[in-house]
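[1] Predicted model and sequence below, questions to follow.
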Amino acid sequence: MKIDRRDFLKLAGIGSIFFSSGLGKLGSLANAATGKDDFFFVQLSDTHWGFTNPAVNPDSAETLKKVVASVNSLTDQPDFLVFTGDLTHVTDDDKERRTRMSQFKDIISALKVKNIKFIPGEHDAGLDEGAAFKEFFGKTHYSFDHKGVHFIALDNVSDPTSSLGDAQLEWLSADLKKQKKDSQIVVFTHRPLFDLYTDWDWYTRDGAKVIELLRPYSNATVLYGHIHQEHHHKTGNIAHHAAKGLMYPLPAPGSVPKKAPVPWDANQPYKGLGFRSIDVKAKQAALSIAEFSVKGEKL
Amino acid sequence: MKSVRPWSVVVSISILVFVTGAFLMSGYTFGEEKEQVIQITAKRFEYSPKDIVVKKGAPVVLEFTSLDRLHGFNCPGLAIRADIRPGKVARVRFVPQKAGIFPFHCDNFCGTGHEGMTGTITVTE
C-alpha cells in the first residue's frame, strides 16, 4: 500500500506514535507565538551502501533505490531529508570508500527533495577521521534553523573513540547558548548519546556531556541511528528516538549473545527495515513520528 | 660452652642472603598477593590471547600493546576499559570480585572486522 502525505497526516492524528517532549499546553502556545510553521521531514539511516551478504539482504544493490522511489512517491514532499549516518558500509580501502560514497550520492540524486542533510556514521568516517565524508557531503557537525525549529547535527563517529571531543562540545555549548530555554531543538546523531547497551558498543563515550548541555532546554529531541531498529528512551525531559536501518536489522539489545545482522526472512522481505517521517506542528511542542517500510507502506 | 664453628656462620649467612634475595626478586610483598600479569596484543581484528582466565580475588594486571592501529578494550561486566595505541603499553589493574564469563570487545572502530574483535575473561572461584 502506498501512502500519500494527506493519508499520513490523517493517520498521524489517530494512530501514529506520538511523543511528548515534556512541554504542556502553555509551552505549545508559546511556540505558536514564535511563528513556528507546520512541516515535516524524513529521516533515513544506516543505508550501508556497499554491504553484500545475500543471507542478510539478497536485494542489497536495490534496497536504497526502492527507498528513493518510496520517498518520491509521497504526494506531499518533505521540507528536507536527513541521513543519520552509515551511508556506506565500511571498507579498509580509501579508494573503495570514495567509490561507495560516489555511488550513494548518485543514487540519491534521484530524490525529488534536494534539501538533504547528512551526518556520518563510523562506517563512513571512523577510519579516516571523516576525510572522505567531508569531500562528498560537507561538514560533519553543524546547525541550522527551519521554520522556528533549531536543528543540530553532531558527529560522534569521526573520532574512532566514539566521542565528540572537547572542541565540538565547546561549539555545541556556544550554539545552544543562542537558544531560549523553551526553543524547539532537534539533534541528529549517529550513535546513541546515552548508554543504551555498552556490551554492544551502543553509546557515545562523552554522550553524557551532550545530555548535560541539553538538559536546561525543555523541548529537545534526539534522532539517531546506529542500532538498526526503533528504540525510544528518555533522559530527563530529552526524548531519544532510534531509527530503523535500510540494509539489515540488528537484534534487540542483549537479546542474543553476539550482535549480528538478523538474517533475511523470505516470507517477509525487508522486515525490520524502513524510514520515518517526523511531523512538526506549530501549535504543538511534540513531534509526531510515523514509520514507513522500504516500499513506502505506513507501519 | 660449645664454640661456634666459623664455616657454619658463613653457611647461615649465605642461606639468609639467598632466601632474602629470592623474596625480593619475586616481587612478593608481605600483606599483598602477587599480581598476575597478562600481556595481550591487539591487531586488526583480534586479541591474543582472546580468552583470558583469572582467579576471583587475585589481583591482575592486563598489559596491552597494539601491533597496528588504535584499538580499544572494553569489558563492561568487569568495568575495565583501555585505549590501546601503537607504540605504547596500556596497563589496567583490577581485582575480580565475581566469578563468571565476561565478554570484551574493541570499542575503537578499527575496520571491516571490528565487530568480530571480541574475547572473554573467565573469572574462576
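    The structure has been received and is ready for your questions.
[2] pLDDT on stretch A:88-104, on average?
    Regarding stretch A:88-104, the rounded mean pLDDT is 98.
[3] for stretch A:233-252, same thing?
    Computed over stretch A:233-252, the average pLDDT equals 97.
[4] pull the CA atoms of that stretch into CSV?
    Taking only C-alpha atoms (Å, rounded to 0.1, in the frame of the first residue of the first chain), the coordinates of stretch A:233-252 have been written out as CSV:
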residue,chain,number,x,y,z
HIS,A,233,14.1,6.4,25.5
LYS,A,234,14.0,9.5,27.7
THR,A,235,16.8,11.0,29.8
GLY,A,236,15.1,13.6,31.9
ASN,A,237,13.0,15.7,29.6
ILE,A,238,15.0,14.8,26.5
ALA,A,239,13.5,12.2,24.1
HIS,A,240,15.8,9.9,22.1
HIS,A,241,14.4,8.0,19.1
ALA,A,242,16.5,5.5,17.1
ALA,A,243,15.5,4.8,13.5
LYS,A,244,15.4,1.6,11.6
GLY,A,245,18.2,0.8,9.2
LEU,A,246,17.9,0.4,5.4
MET,A,247,20.2,-2.5,4.8
TYR,A,248,19.8,-5.0,7.6
PRO,A,249,18.2,-5.1,11.1
LEU,A,250,20.1,-5.8,14.3
PRO,A,251,18.7,-7.7,17.2
ALA,A,252,17.2,-6.1,20.3
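[5] So for it, what gets flagged as buried?
    A:235, A:237-251 (16 or more other CB atoms under 10 Å in any protein chain shown). The way it works is simple: take the backbone N, C-alpha and C, and place the C-beta from them, glycine included.
[6] and that stretch, is it in reach of chain B?
    No - contact of stretch A:233-252 with chain B is not found when judged by CB under 8 Å from any CB of the partner chain; the minimum separation is 10.2 Å.
[7] Check the spacing between the residue in the stretch 1-150 of chain A positioned nearest to chain B and A:Thr88 real quick.
    Nearest residue of the stretch 1-150 of chain A to chain B, counting by CB to the nearest CB: A:Gly126, 3.5 Å away. With the distance defined as CB to CB, to the nearest Å, A:Gly126 ends up 11 Å from A:Thr88.
[8] Looking at these two, which one has more neighbours?
    When neighbours are counted by other CB atoms under 10 Å in any protein chain shown, A:Gly126 and A:Thr88 differ, and A:Thr88 comes out ahead with 28 against 25.
[9] Return the distance of the more buried one relative to A:Lys298.
    As for A:Thr88, its distance to A:Lys298 is 28 Å (criterion: CB to CB).
[10] Can you pull the residues of the stretch 151-299 of chain A lying near chain B?
    A:Val157, A:Pro160, A:Thr161, A:Ser162, A:Thr198, A:Asp199, A:Trp200, A:Asp201, A:Pro257, A:Lys258, A:Lys259, A:Ala260.
[11] Which secondary structure element of chain B has the lowest mean pLDDT?
    helix B:6-26 (a mean of 59; mean pLDDT, DSSP states H and E).
[12] Now the helix or strand following that helix: buried residues?
    Tracing the chain past helix B:6-26, the next element assigned as helix or strand by DSSP states H and E is strand B:36-43. Applying a neighbour-count criterion of 16+ other CB under 10 Å, the buried positions in strand B:36-43 are B:Ile40, B:Thr41, B:Ala42, B:Lys43.
[13] related to what we said a few turns ago, in contact with the residue of the stretch 1-150 of chain A closest to chain B, which residues?
    With contact taken as CB atoms under 8 Å, 6 or more residues apart in numbering or on different chains, A:Gly126 is in contact with A:Val90, A:Val157, A:Ser158, A:Pro160, B:Phe109.
[14] For B:Asn108, see how far away it is.
    A:Gly126 sits 9 Å away from B:Asn108 when distances are taken as CB to CB.
[15] interface residues of chain B facing chain A?
    B:70, B:72, B:74, B:76-77, B:83, B:103, B:105, B:107-112, B:114-115, B:118.
[16] Now which of the residues you listed would you call buried?
    When neighbours are counted using 16+ other CB under 10 Å, the residues of chain B next to chain A contain these buried positions: B:70, B:72, B:74, B:76-77, B:83, B:103, B:105, B:107-111, B:114-115, B:118.
[17] Pull the number of nearby residues for the nearest residue to A:His190 once chain neighbours are set aside.
    What sits nearest to A:His190 in space, not counting adjacent residues and going by CB to CB, 6 or more residues apart in numbering or on different chains, is A:Gly85, at 3.1 Å. Per other CB under 10 Å, the neighbour tally for A:Gly85 reads 30.
[18] Good, wrapping up.
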